[in-house]
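Participant: Predicted structure and sequence below. I'll ask about it afterward.
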Amino acid sequence: MVLSNSQTSPTWKHTASSLVAHGFLFVSGVSLVWALLSFVYHPNPNFETFKTNPNLCYDPPQTTFYDDPHLSYDIERPMKDWDMKRREWFKHHPSFNAGLRNRILIVTGSQPSKCQNQVGDHLLLRLFKNKVDYSRLHGYDIFYNNALLHPKMTGFWAKYPLIRAAMLAHPEAEWIWWIDSDAMFTDMEFKIPLERYENHNLVVHGWKHLIYSKQSWTSVNAGVFLMRNCQWSMDFMQAWASMGPQTQNYDKWGRIQKSTFKDKMFPQSDDQSALIYLLLNKNERAKWEDKIYVESEYSLSGYWLGIVDDLTNERGAELMMGDCRGAVGSWRRPFVTHFTGCEPCSGDHNPMYTWEACWKGMLKALNFADNQVLSTFGFVHPDLLNSSWVSRRA
């Protein structure tokens, strides 16, 4: 069974972006984890990442874009000449040049207020721990936010002001990897095959035939994606966010999306429908399509309902077969499992699921992933539905 291709995307709410809990957005706070400083032993560590030692204290005498008094982190103010500004910044910070093409900043977050679901904050903590574990094992930085960066861009739209600000705040990062709070890594060893995306600037999980033949609003998942830190991305986010709630045309775009995507179940304009619209519209498609990679060969955002029943300790312990970089036909543990529709913070889950199914699925997936970390310390969770019980690894 190819686990990575088993998911479909039935959704009641926005399948990709569960950053929402009662009108608040999941984004932006203040927690930067430097993975290089917290590396722990792993059987197959990625030592390539640790060959470089950027000088974090060096402040060059030359001016950079940060010295421009007109610099703005606001998504509503277009950024110009970003590629040139980044090149100039690297010129004055040469210690960051080594390893640039593979440098990733993972960005995620949650709402600023406490969860209404009584176990919601506990689940968000464990979901964040999962992302920190993965980041540490692969030498990635991670940025966790819980504040709203634009007062009108709430819900699924809240991540875009953050991603744009992250690009400016971290010019050393080649890729910004957004991952929703309710998505988790379930293959802690798998590494994104960046060489596959050498000629692309946006990588999103989806299925091309559903985009172009079915025109389905679930043909891609906008809750987990990689975006290159470049001028193209700045421009694309302007086009993408032009359908958001901060614009005067928000209601109009909701009507256009609803008429375009017959399976869309709510009238508001959302970022996932906006992305697909840009791929379908003739004029927009010509500007953007060539730089967007629709990934379907591994589970960059795997639908949880098609995954959790197959997660067992036996599967977790199996050696990987085939190409560990995600070749077609190879078998791996599912890379990212996304609990779309479960809404762990609010508890306001999709009525097509029970909360018990969501709860047990998240426990199982979290402990499945945690075993891949704990095993290096000699312990495992023998029962994937019991987070408290650990035993010595056989």
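Facilitator: Yes, it's here.
Participant: Any regions of the chain where pLDDT drops low?
Facilitator: 1-52, 314-331 (pLDDT under 70).
Participant: who's in contact with the residue nearest the centre of it?
Facilitator: In the chain, the residue lying closest to the centroid (Cα atoms, centre = their mean) is Ile179, at 2.0 Å. Counting by Cβ atoms under 8 Å, 6 or more residues apart in numbering, Ile179 makes contact with Ile106, Val107, Thr108, Lys131, Gly223, Val224, Val336. No exception for glycine: its C-beta is placed from N, CA and C like everyone else's.
Participant: Strands of the chain, residue ranges please.
Facilitator: 20-21, 24-25, 31-33, 104-109, 141-145, 175-179, 183-185, 202-206, 220-228, 292-295, 302-303, 336-338, 379-380, 391-392 (DSSP state E).
Participant: Please identify the most buried of these.
Facilitator: With neighbours taken as mean count of other Cβ atoms under 10 Å, the strands of the chain reach their highest mean count in strand 336-338, at a mean of 29.
Participant: Check which helices and strands that one is in contact with.
Facilitator: If contacts are counted by 3 or more Cβ pairs under 8 Å, 6 or more residues apart in numbering; DSSP states H and E, strand 336-338 sits against strand 183-185, strand 220-228, strand 302-303.
Participant: Repeat the analysis, applying 10 Å as the threshold.
Facilitator: Other elements packing on strand 336-338 under the criterion 3 or more Cβ pairs under 10 Å, 6 or more residues apart in numbering; DSSP states H and E are strand 183-185, strand 220-228, strand 302-303, helix 355-374.
Participant: can you put these in CSV and add distance to Met234?
Facilitator: CSV is the format used below for these (distance: least, Cβ to Cβ, whole Å):
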stretch, distance to Met234
strand 183-185, 25
strand 220-228, 10
strand 302-303, 29
helix 355-374, 34
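Participant: of all these, which lies closest to Ala158?
Facilitator: strand 220-228 (12.2 Å; Cβ to Cβ).
Participant: re the thing from before, which members of the contacts of Ile179 are the farthest-apart pair?
Facilitator: Val107 and Val336 (14.5 Å).
Participant: rewinding a little: with distance to Ser375 as new columns, can the contacts of Ile179 be given to me in CSV?
Facilitator: Conversion of these to CSV gives the following (distance: Cβ to Cβ, whole Å):
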residue, distance to Ser375
Ile106, 23
Val107, 28
Thr108, 25
Lys131, 19
Gly223, 28
Val224, 25
Val336, 20
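Participant: Which of these sits closest to Cys358?
Facilitator: When those are compared against Cys358 (criterion: Cβ to Cβ), the nearest one is Gly223, at 15.6 Å.
Participant: my guess is the closest one contacts Gly206, does it?
Facilitator: No - the pair Gly223 / Gly206 is not scored as a contact, 11.3 Å apart, by Cβ atoms under 10 Å.
Participant: Now do the contacts for Ser273.
Facilitator: 14, 156, 217-218, 220, 222, 243, 253-254, 256-258, 260-261, 264, 266 (Cβ atoms under 10 Å, 6 or more residues apart in numbering).
Participant: measure it to Ile142 for me?
Facilitator: From Ser273 across to Ile142, the span is 28 Å (Cβ to Cβ, to the nearest Å).
Participant: Likewise for Ile106?
Facilitator: For Ile106 relative to Ile142 (Cβ to Cβ), the value is 4 Å.
Participant: For Ser213, give its distance to Ser259.
Facilitator: In terms of Cβ to Cβ, Ser213 sits 18 Å off from Ser259.
Participant: Leu275 too?
Facilitator: Relative to Ser259, and taking Cβ to Cβ, Leu275 is found at 17 Å.
Participant: These two: who's more crowded?
Facilitator: Using other Cβ atoms under 10 Å as the criterion, Leu275 and Ser259 rank with Leu275 on top: 27 against 9.
Participant: Now that one: closest residue in space that isn't a chain neighbour?
Facilitator: Spatially, and ignoring its direct neighbours in sequence, Leu275 is nearest to Ala222 (5.5 Å; Cβ to Cβ, 6 or more residues apart in numbering).
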